[in-house]
Structures are given as structure tokens and as C-alpha cells.
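Engineer: Sequence and predicted structure, then a few things I'm wondering about:
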Amino acid sequence: MSVSSNAYGAGIMAKKGKEFADEYFAEENQVLHESNEVVLVLKKSDEINIIVDEILLGDRRSDNPTLVVEDRAGYWWLKATGKIEVDCEEVSELLGRNFSVYDFLVDVSSTIGRAFTLGEKFTITSELMGLDRKLEDLKS
């Protein structure tokens, strides 16, 4: 029998009663840690490979020097401080055919941060949209 460290009944979930409560309510577990890091996990495809190689690690590399990209078999794992942004109009020009933000969203596997689309741009950010900065508008 194998046991995964992520399985039910592992870690704190293996504890019961007072032992569980003591760890769950421990001071160090009641602190909210603020982070400006965002994560974007993209399923690999011909288009996504081009976006990662040619745009995020190529032409737009200087836009976010904190960007880290890891090749994780069938996925790209991207982490950055602040935000990661993909302009699908730029992708369309690079591919020589239409590539909408909805085409991009098909390959978005997971995110950490606040993800939104505006026009043909996909953004994942650590900002509280509408609170940290004014929401953008297509008309502006």
C-alpha cells in the first residue's frame, strides 16, 4: 500500500481531537502571508511553446525580469513578481493567423493570482483590481 503526502489522512489531516486543534490553531498557522508572486501553468502546444519562447522569454523578457519558466513535461510553469501578461494580438501577428484570448485560455491549466482578460490581453496579477488600481476599460 502506498501513501501520498497529499492524500487525505496525511499530515495534519491524520491528527484527531486536541492534537489536530493544537496544530490547526497554532500561532504560526494563523498568519496571512502576503505575496506579490503570481504563477501561470500552461499546457504545452505549438502555440504556447511559441508564446513562451518567442514572447515571454524573447521580445518581452525585459518587461518582467523576475519571470522564471520551468519545463514540467507536458506543461510550462511560470512564476513572476507582480504580473504576467500575454497580448494575443501580438501572438496572432507572430503566428500569421488569428489567435484569440479564448484560444489562449484553452491552454491555461492553473493560476495563482488574479486572472482577467481585457480585450485580447490575458493578465495574471497580484494586485487587487479595483482596489490597488483603477480597473481598465476597453473604451479608454
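Structural biologist: Right, received. Where do you want to start? Numbers count the residues shown, from 1 in each chain.
Engineer: is it true that Asn36 touches Gly82?
Structural biologist: Yes: Asn36 lies in contact with Gly82 (Cβ atoms under 8 Å); the separation is 5.8 Å. Backbone N, C-alpha and C define where each C-beta goes, glycine included.
Engineer: okay, and the helix or strand of this structure with the least pLDDT?
Structural biologist: Least confident helix or strand, the chain: helix 17-24 with a mean of 89, by mean pLDDT, DSSP states H and E.
Engineer: got any ranges where the protein has weak pLDDT?
Structural biologist: Applying pLDDT under 70 to the chain flags the ranges 1-10, 129-140.
Engineer: let's see it at 90
Structural biologist: Applying pLDDT under 90 to the chain flags residues 1-16, 20, 23-35, 59-60, 63-64, 127-140.
Engineer: So what sits opposite Lys83 in the bridge?
Structural biologist: Assessed by DSSP bridges, Lys83 has beta-bridge partners Thr125.
Engineer: Tell me the spacing between it and Thr66.
Structural biologist: 10 Å (Cβ to Cβ, to the nearest Å).
Engineer: Compare the two (neighbour count), which wins?
Structural biologist: Lys83 (17 against 12; other Cβ atoms under 10 Å).
Engineer: mind listing what that one touches?
Structural biologist: Val38, Asn64, Gly113, Thr123, Ile124, Thr125, Ser126, Glu127 (Cβ atoms under 8 Å, 6 or more residues apart in numbering).
Engineer: and these, which are buried?
Structural biologist: Val38, Asn64, Gly113, Thr123, Ile124, Thr125, Ser126 (16 or more other Cβ atoms under 10 Å).
Engineer: what's the last one in contact with, if anything?
Structural biologist: For Ser126, the contacting residues are Ser35, Asn36, Glu37, Val38, Thr81, Gly82, Lys83, Gly113, Arg114, by Cβ under 8 Å, 6+ apart.
Engineer: Spatially, what comes nearest to the fifth one if we skip its sequence neighbours?
Structural biologist: Nearest residue to Thr81 in three dimensions, chain neighbours excluded: Thr66, at 4.1 Å (Cβ to Cβ, 6 or more residues apart in numbering).
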